[in-house]
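Novice: Got a predicted structure here, sequence first:
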Amino acid sequence: MKTKRIFIAIKIDNTHQINEVFRQVGFDLNEEAIKWVNKNGLHITLLFLGETDIEEIAVITDKLKTIGGDFDAFRLNLKSIGAFPSIEHPRILWTGINSTSGLYELQMKILIQLKKEKVTDDYKYTPHLTIGRIKGGVKNPEKIKKCLLKLKDWEDSDLLIDKFVLMESLLTKDGPVYHVLETFSLKNQNV
């Protein structure tokens, strides 16, 4: 059985404001061992499917085309800079997402259609945009905390979300490499 490691996402185009955040955080945290995300691969994951049989990908693609054709475009913006699991113990640096219910409704529709699972009340989708990963431990936790708190009120301009993608993730020694397998347009793009 041949498989591909796939996920569904919203690609985020690189903006001047995103470049500025990368520059500022990179400058403030230049002594930390941070593996920055390639800005051409910026995305908000909607659903990670993992290793998937290649024959099943055609069925998934058909379902996603239907979802895209029935779902309205919406707007969101990036806001705040934070860390997982916390700013006291950062491993992943991210920007938060400020969105109408459109993002959450799209994610839930995809989850239900593809997973065919009953979604429980304790399920929580936490949309974010990963910008970097801290490797080998933190050298100066207070400096990281100060940098992240300084950017907690940062906000990008509105972005029109008029499509989503099915992506393949190839794991390499230099980190994941992403390839768009299919793009799905949303309707009513004059939002």
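Specialist: Ah, there it is.

Novice: which of the residues in stretch 182-191 are buried?
Specialist: Under the neighbour-count criterion of 16 or more other Cβ atoms under 10 Å, stretch 182-191 has 182, 184, 186 buried. Yep, even glycine has a C-beta here, placed from its N, CA and C like the rest.

Novice: same thing with stretch 54-63?
Specialist: Neighbour-count burial for stretch 54-63, counted by 16+ other Cβ under 10 Å, picks out 57, 60.

Novice: Dig out what Leu160 forms beta bridges with.
Specialist: Arg75 (DSSP bridges).

Novice: Can you give me the neighbour number for it?
Specialist: A total of 13 residues lie near Leu160 under the criterion other Cβ atoms under 10 Å.

Novice: these two touch, right, it and Ala73?
Specialist: Yes. Contact criterion Cβ atoms under 8 Å: Leu160 and Ala73 qualify, at 6.3 Å.

Novice: how much space between the residue nearest the centre of the chain and Arg75?
Specialist: Centrality entry for the chain: nearest residue to the mean C-alpha point is Ile44, 2.0 Å, by Cα atoms, centre = their mean. From Ile44 over to Arg75 the distance is 13 Å, taken as Cβ to Cβ, to the nearest Å.

Novice: swap in Val180?
Specialist: Here the criterion is Cβ to Cβ. By it, Val180 lies 22 Å from Arg75.

Novice: Looking at those two, which has the bigger crowd around it?
Specialist: Taking neighbours as other Cβ under 10 Å, Val180 and Arg75 compare with Arg75 leading, 16 against 13.

Novice: my read: that one touches Ser157, true?
Specialist: No. Under the contact definition of Cβ under 8 Å, Arg75 does not touch Ser157, with a separation of 10.0 Å.

Novice: Thank you, goodbye.
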